[in-house]
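>>> Turn this into a structure:
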Amino acid sequence: MKSPVAMPSLLFFFSLLCGVLLCGSAQGQAFPRDAPPYPPEAADKSITRSDQRPPDAKMHIDRVQIEREVRELSDLAKTLPSDIDSVNRGLLPKDVAAKLKRIEKLAKHLRGELSP
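Numbers count the residues shown, from 1 in each chain. From the prediction side, this is the model:
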């Protein structure tokens, strides 16, 4: 016969083995093996925006505002070649970065207003 000290450790081992087997079989039943996986949520929420316009809604375009922005964009773009020439000569005009940011902002806004 076994010693009284070995019995509790054997009982512990047997209960641990049963627990692992039961948990493993329960986990296998949680998801059927032939079911397709669910797609993950989009990390970038701007791709799937919920505030998009409905397709049947008429777009209200402020023509005066758009003309003003187009004129400003054109004026800023016309000044860039001289600024780039200065950069090529080793001089960096301090407003070039601000001009480029403003051009980018205007272009993005116009694209959003005029895109369907």
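>>> Which residue ranges of this protein form helices?
Assigned by DSSP state H, the chain shows helices spanning 6-28, 63-88, 96-114.
>>> Next, the angle from the last one to helix 63-88.
I take that to be helix 96-114. 150 degrees (axes from the mean of the first three to the mean of the last three C-alpha atoms, to 10 degrees).
>>> So which residues make contact with helix 96-114?
59, 61, 66, 69-70, 72-73, 76-77, 79-80, 83, 87 (C-beta atoms under 8 Å, 6 or more residues apart in numbering). Where you see a C-beta, it was placed from the backbone N, CA and C, and this is true even at glycine.
>>> Go through the helices of the chain and find the least confident stretch.
Per-stretch mean pLDDT for the helices of the chain is lowest at helix 6-28 (a mean of 64).
>>> Can you tell me how far K94 is from L76?
Per C-beta to C-beta, to the nearest Å, K94 is found 15 Å from L76.
>>> of these two, who's got more company?
L76 (16 against 6; other C-beta atoms under 10 Å).
>>> And stretch 82-94, end to end?
Start to finish, the residues bounding stretch 82-94 are 13 Å apart (C-alpha to C-alpha, to the nearest Å).
>>> Next up, the contacts around L76.
Counted by C-beta under 8 Å, 6+ apart, L76 has contacts K99, R102, I103, L106.
>>> Mind checking which of those residues are buried?
With burial judged by 16 or more other C-beta atoms under 10 Å, the buried subset of these is K99, L106.
>>> In JSON lines, list the contacts of L76 along with distance to D44.
Below are the contacts of L76 laid out as JSON lines (distance: C-beta to C-beta, whole Å):
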{"residue": "K99", "distance to D44": "28"}
{"residue": "R102", "distance to D44": "25"}
{"residue": "I103", "distance to D44": "24"}
{"residue": "L106", "distance to D44": "23"}
